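Student: Sequence plus the predicted model coming up.
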Amino acid sequence: MTPGRRGVRRLYSWVDYTKARAAVKLLDMGLPNLRLRANILWLEQNLPRWYEIPLIAFAGSVVVNPRGAPAYTAGEVQQRVAASLLETRGRDSDPIEIKELVAVLDSMRSEGPLGVLAQYSDVVHMDPRIRGGAPVIRGSRIETRLLAELRGRAVDTESIAHRLALGTEEVERALEFEMTIAA
């Protein structure tokens, strides 16, 4: 197997996954590599549990509790995150890109846990509390990787759906998702 593809064991947590997503978004916005670490560190220090922001639209859980302030629910989080970022701006000596961080957090919130693959959110779900954040069929603990492995063993879509008590369309969408991430 090629490193970085399915089948290669990784030891990344949900937090690592979310940090990587945020880092890629910041780099895509033109943030220099040298300032990347300072911005991610700032998020960790000033917005505890910021890495759960992609989950709020889906789980509706409380996600942000900056420096002992009251926790905020999903409906309030966008305004509160922006306010918290601006409020604590002058406390750190590192240059922090407030506008970019707000844009990244808002983008991650709107994309949800699947990120740029949100088009598969009708069938595929990711949550760190379910199978460690591995992609699963929504409403189950069946990993999409299992479906791809079965398909790779020449098991047809209908048989997979029947054996796992899933709809054929669910299996097809999950297999599409797996092909997309394998590419």
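Tutor: Everything's here; your move. Values in this document were obtained by computation on a predicted structure and should not be read as measured data.
Student: CA only for contacts and neighbour counts going forward, please
Tutor: Noted.
Student: helices and strands of the protein: which one has the lowest mean pLDDT?
Tutor: Across the helices and strands of the chain, mean confidence by mean pLDDT, DSSP states H and E is lowest for helix 74-87: a mean of 50.
Student: Kindly format the C-alpha coordinates of the following helix or strand past it as PDB.
Tutor: Beyond helix 74-87 in the direction of the C-terminus, DSSP states H and E gives the next helix or strand as helix 98-111. This file holds the C-alpha atoms of helix 98-111, laid out as PDB (Å, rounded to 0.1, in the frame of the first residue of the first chain):
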ATOM      1  CA  ILE A  98      -8.200  36.800  13.000                       C
ATOM      2  CA  LYS A  99     -10.100  37.200   9.800                       C
ATOM      3  CA  GLU A 100      -8.600  34.000   8.400                       C
ATOM      4  CA  LEU A 101      -9.300  32.000  11.600                       C
ATOM      5  CA  VAL A 102     -12.900  33.100  11.600                       C
ATOM      6  CA  ALA A 103     -13.300  32.200   8.000                       C
ATOM      7  CA  VAL A 104     -11.700  28.800   8.600                       C
ATOM      8  CA  LEU A 105     -13.800  28.000  11.600                       C
ATOM      9  CA  ASP A 106     -17.000  29.100   9.800                       C
ATOM     10  CA  SER A 107     -16.000  27.000   6.700                       C
ATOM     11  CA  MET A 108     -15.300  24.000   8.900                       C
ATOM     12  CA  ARG A 109     -18.700  24.500  10.700                       C
ATOM     13  CA  SER A 110     -20.600  24.700   7.400                       C
ATOM     14  CA  GLU A 111     -18.800  21.700   5.800                       C
END
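Student: Which secondary structure elements does helix 98-111 sit against?
Tutor: Identification of packing neighbours for helix 98-111 by 3 or more CA pairs under 8 Å, 6 or more residues apart in numbering; DSSP states H and E yields helix 14-28, helix 56-59, helix 74-87.
Student: and E158, what is it in contact with?
Tutor: Taking CA atoms under 8 Å, 6 or more residues apart in numbering as the definition of contact, the neighbours of E158 are T168.
Student: Double-check that it belongs to a strand.
Tutor: No. Secondary structure assignment places E158 outside any strand; it is helix (DSSP: H, G, I helix; E, B strand; the rest coil).
Student: residue contacts, E100?
Tutor: Applying CA under 8 Å, 6+ apart, we find E100 in contact with 26, 29.
Student: repeat for E44
Tutor: Listed by CA under 8 Å, 6+ apart, the contact partners of E44 are W50.
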